[in-house]
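Trainee: Sequence first, then the predicted structure:
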Amino acid sequence: MTQPFQLAACAEMLWRDKPIEWRAARLTEQGLGVGLWNWPDHDLAKLEAVGADYTIMNGYLEGRLADAEGADLLLASARETIKVGKRLGVRRLNLHGTGLGEGGLPIWRHETVTGPMWLKARDTLERICDLAAEEGVVFTLENLNQMDHPGCPFGATGDVLALVSSIDRPELRMNLDLYHTQIGEGDLLRWCEKSLPWIGELQVADTPGRCEPGTGEINYPVIARGLQAMGYHGPVGLEAWAQGDSDAAVAAFVAAFTL
């Protein structure tokens with residue numbers, strides 16, 4: 001058995017009765033990287049002391065891609081977050097089409113994305129790349145499904161791919177979340193293959209329920225074999241709730257991606 005991928009898990013979603021630094025330490029003990037969400041929620045000194053491999057974190061606290069005011073907010077927020085990311089050694093800083101509020105609902109909702117919005121989003125992401133190049137960091141843009149995040153602009157897998165591939169700079173990659181792709185489009189392996197040159201990270205959870213592999217309809221061992229066959233050996237992050245015991249959820253994830 002081999003482990004061809006760089007495995008990590010979102011600490012926010014596991015062992016939810018434990019402090020975040022305990023969760024980070026537990027994942028580190030299990031040989032996994034650690035994903036985070038919003039840094040102001042945590043004691044950074046305690047997270048830093050763990051010495052974990054922090055693989056991904058939200059790269060902004062406010063802002064959006066497709067209007068001038070939102071873009072300025074996003075750039076200012078990203079600049080502040082970069083400092084925290086560097087402190088913790090975070091590998092990738094994650095973005096969405098707009099900020100997400102309570103329950104993951106988009107703060108700035110748009111059912112239709114216009115041509116000028118596309119142009120502005122591309123311009124905003126070019127500015128993000130310029131900032132990332134100055135600071136030596138990498139951002140990712142994540143796809144989000146419209147059932148859980150209705151009205152989120154640029155949430156579709158194809159929209160994220162179109163933006164990232166058209167910019168085509170190493171400072172911006174896709175965070176291809178297969179849970180969201182399954183709900184929004186399906187056909188997971190072909191989306192992986194089409195997106196392959198621009199993937200910075202793959203995130204996984206089963207559906208329905210957004211729990212660990214083996215709890216829903218996605219055959220993740222088949223996905224893992226397909227990824228290996230197409231030559232993907234990069235990061236795979238579990239961003240899922242535990243259906244029961246968190247250690248068992250992590251074990252199921254690791255098993256699904258061990259070939």
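Mentor: On my side now, so go ahead. Numbers count the residues shown, from 1 in each chain.
Trainee: okay, CA-based contacts and neighbour counts for the rest of this
Mentor: Will do.
Trainee: Next one: D41 from L32, what distance?
Mentor: Separation of D41 from L32 (Cα to Cα, to the nearest Å) stands at 22 Å.
Trainee: An error on my part: the question was meant for F5.
Mentor: From F5 to L32 the distance is 11 Å (Cα to Cα).
Trainee: Of the two, which one has the most company?
Mentor: Remark: of F5 and L32, L32 carries more neighbours, 22 against 19, as counted by other Cα atoms under 10 Å.
Trainee: so who does the more buried one touch?
Mentor: Q6, L7, A8, A9, D53 (Cα atoms under 8 Å, 6 or more residues apart in numbering).
Trainee: these two touch, right, the fourth one and Q30?
Mentor: No - when contacts are counted by Cα atoms under 8 Å, A9 is not listed as touching Q30 (10.5 Å).
Trainee: of the two, who's got more company?
Mentor: A9 (28 against 13).
Trainee: So that one lies in a helix, does it not?
Mentor: No - using DSSP: H, G, I helix; E, B strand; the rest coil, the assignment for A9 is strand, not a helix.
Trainee: Any idea what it is bridged to?
Mentor: Here A9 shows beta-bridge partners V34, L238, assigned using DSSP bridges.
Trainee: For it, list the residues it contacts.
Mentor: Contact analysis of A9 by Cα under 8 Å, 6+ apart lists L27, L32, G33, V34, G35, G237, L238, E239, V250.
Trainee: Include distance to V204 and pLDDT when you put those into a markdown table, please.
Mentor: Listed next are the contacts of A9 as a markdown table, based on distance: Cα to Cα, whole Å; pLDDT from 0 to 100:
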| residue | distance to V204 | pLDDT |
| --- | --- | --- |
| L27 | 16 | 98 |
| L32 | 15 | 98 |
| G33 | 14 | 98 |
| V34 | 14 | 98 |
| G35 | 12 | 98 |
| G237 | 6 | 98 |
| L238 | 5 | 98 |
| E239 | 6 | 98 |
| V250 | 12 | 98 |
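Trainee: C-alpha coordinates for the helix or strand containing T28, CSV please?
Mentor: Assigned by DSSP states H and E, T28 belongs to helix 20-29. Extracted as CSV, the C-alpha positions of helix 20-29 are listed here (Å, rounded to 0.1, in the frame of the first residue of the first chain):
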residue,chain,number,x,y,z
ILE,A,20,-8.4,24.0,18.1
GLU,A,21,-4.7,23.6,19.1
TRP,A,22,-5.6,20.1,20.5
ARG,A,23,-7.2,19.2,17.1
ALA,A,24,-4.1,20.5,15.2
ALA,A,25,-1.8,18.5,17.4
ARG,A,26,-4.0,15.4,17.0
LEU,A,27,-3.9,15.6,13.2
THR,A,28,-0.1,16.2,13.4
GLU,A,29,0.3,13.0,15.5
